[in-house]
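Engineer: Model the following, please.
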Amino acid sequence: MPGSRDSATDKYLAKGRRKLAHVFDVDLGELMPGHHVILRGIEQGRIWALENPNRTTQTVDQLHYEIIPGLNDTHETPDWSIKFSDDVGTEYVYDDGGAYDTRLGLEATHGIRDIGDIPSNARVLTLTVGPSHMWNPPEPWSRTYDVDLGETNLESSGPKDDKVQVFAIVRIDKFFSSTEDQIAVQSVYPNIALARAEVERLNSLVDQTRQSYRVYATRFYPNGRSPGNEIDSV
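Structural biologist: Numbering: from 1, shown residues only. Below you'll find the model as predicted:
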């Protein structure tokens, strides 16, 4: 099994200069015939634009994993399963949604499973695992794995850079007619858990039909940037 800091997951994240909030290297066992599933970690705060007239966004946390050895075109679509639950009773609706990389027959195939939005007050995320359909994996293999959400690593998955991911709390004043006047940055936090907790607090204090708060992932450049650099997508 390749080391976690030189894995297919690290190479994938390095392309977008992204980070894992929770890093772990767990071999779940041979969940597919001839292939092991290796959990690598959780990335938090991915922002997706929804296809609707209001252009609203959705925050999704994602589990990164690898299939070792990697898949090629002769392999069937991996159908091992994973369900998510936590210690505060959250209902996760993205079970088994996700994607995996091109089947090139490499040492490892990187993949992602959508978790949903892990609440800021959750402290333990439980992963319940199932093997591929009609496959009885050899022992040992893991049925469950608990992630300690209190341990935030934010390890870099690539070369050090002067760009730092931060989370902005944006105030939306709906009583203004101009979109430009409606939006203002309230504050910026170094991790998504703190930002989400503050948004929950602020939204509890206001009439959300007139004013609300949201979290957006963005980047802070402590040393500035040179003009003409490509704009990074969130």
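Engineer: which residues of the protein fall in helices?
Structural biologist: 8-15, 179-182, 192-203 (DSSP state H).
Engineer: Residue 75 is nearest to which of the ones you listed?
Structural biologist: helix 8-15 (15.7 Å; Cβ to Cβ). Heads up, the C-betas are built off the backbone N, CA and C, glycines and all.
Engineer: Buried residues in the closest one, which are they?
Structural biologist: Buried residues in helix 8-15, counted by 16 or more other Cβ atoms under 10 Å: 8, 9, 10, 12, 13.
Engineer: want to throw those residues into TSV with distance to residue 19 and pLDDT?
Structural biologist: Below are the buried residues of helix 8-15 laid out as TSV (distance: Cβ to Cβ, whole Å; pLDDT from 0 to 100):
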residue	distance to residue 19	pLDDT
8	16	87
9	11	90
10	10	88
12	12	87
13	7	88
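Engineer: so residue 212 touches residue 205, yeah?
Structural biologist: No: contact status for residue 212 versus residue 205: not in contact, 10.9 Å apart, counting by Cβ atoms under 8 Å.
Engineer: Tell me which of the two has more neighbours.
Structural biologist: Higher neighbour count among residue 212 and residue 205: residue 212, with 16 against 9, using other Cβ atoms under 10 Å.
Engineer: Tell me the confidence at the more buried one?
Structural biologist: At residue 212, the pLDDT value in this model is 92.
Engineer: Who are the contact partners of it?
Structural biologist: 171, 172, 174, 203, 206 (Cβ atoms under 8 Å, 6 or more residues apart in numbering).
Engineer: Could you report the pLDDT at the last one?
Structural biologist: What that stands for is residue 206. At residue 206, the pLDDT value in this model is 92.
Engineer: For this structure, which residues score under the pLDDT cut-off?
Structural biologist: Counting by pLDDT under 70, the chain contains low-confidence residues at 1-5, 47-58, 94-98, 102-103, 105, 151-165, 217, 219, 223-234.
Engineer: Nearest to residue 109, out of the helices of the chain?
Structural biologist: Here helix 8-15 is closest among these (Cβ to Cβ), at 7.0 Å.
Engineer: which helices and strands does that closest one pack with?
Structural biologist: strand 19-20, strand 35-49, strand 57-68, strand 109-116 (3 or more Cβ pairs under 8 Å, 6 or more residues apart in numbering; DSSP states H and E).
Engineer: Let me have these in JSON lines, adding distance to residue 125 as columns.
Structural biologist: Shown next, in JSON lines, are those (distance: least, Cβ to Cβ, whole Å):
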{"stretch": "strand 19-20", "distance to residue 125": "14"}
{"stretch": "strand 35-49", "distance to residue 125": "8"}
{"stretch": "strand 57-68", "distance to residue 125": "9"}
{"stretch": "strand 109-116", "distance to residue 125": "8"}
